[in-house]
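Asks: This is a predicted model, with the sequence first.
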Amino acid sequence: MEEFSYRGYTFEQIKKMELTEFAKLLPSRLRRTLTRGFTPAQKIVLTRIIKARKQLIAGTEPKIIRTHCRDMVIIPSMVGLRFGVHNGREFVEVDITPEKLGHVLGEFTYNRKRVAHSQPGIGATRGSTFIPIK
């Protein structure tokens, strides 16, 4: 199995980096997001990540971190945790792996559903208004 690397760095090297160093590896949009700072909603997610990391170190299984913050950039401290990301109707579970570094939480949950049309109902067209109802 091939060892994971992101922009030439192994995951162990990335874990040791500061957040500002990691931001330099990201594409421009995500780099700008991290350099501008976290929003209040993202700061709440960060405190929950820290709490879950402490539980992971203690040996207990951390709870799923539920969030509406779909624009949260996946950073190295999030790897190994499970998130429930809201898609507008429900929380979709997302496991964070090293391959998801440099993406956004919302990329892994679909918020639109495929529309499956069936036959038109009564009154949908001009001709169907005169169909007798039994």
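Replies: Received it, and whenever you're ready, just let me know what you need.

Asks: Contacts only, for the residue nearest the centre of the chain.
Replies: With distances taken as C-alpha atoms, centre = their mean, residue 105 lies nearest the centre of the chain, 1.6 Å away. Contacts for residue 105 (C-beta atoms under 8 Å, 6 or more residues apart in numbering) come out as 67, 69-72, 74, 83, 85, 94. All C-beta spots, glycine's among them, are computed from the backbone N, C-alpha and C.

Asks: Surely residue 62 and residue 49 touch.
Replies: No - the criterion here is C-beta atoms under 8 Å, and residue 62 misses it with residue 49 at 9.4 Å.

Asks: Now do residue 77: how many residues are near it, please.
Replies: 16 (other C-beta atoms under 10 Å).

Asks: Now do the same for it: its pLDDT.
Replies: If you check residue 77, the pLDDT there is 92.

Asks: sorry, back to before: and for residue 62 and residue 49, which residues touch both?
Replies: In contact with both residue 62 and residue 49: residue 81, using C-beta under 8 Å, 6+ apart.

Asks: Tell me where this structure has strands.
Replies: Per DSSP state E, the chain carries strands over the ranges 5-6, 9-10, 65-67, 82-86, 91-95.

Asks: Export the ones you listed as TSV, with columns for mean neighbour count.
Replies: Listed next are those as TSV, based on neighbours: other C-beta atoms under 10 Å:
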stretch	mean neighbour count
strand 5-6	14
strand 9-10	14
strand 65-67	18
strand 82-86	20
strand 91-95	15
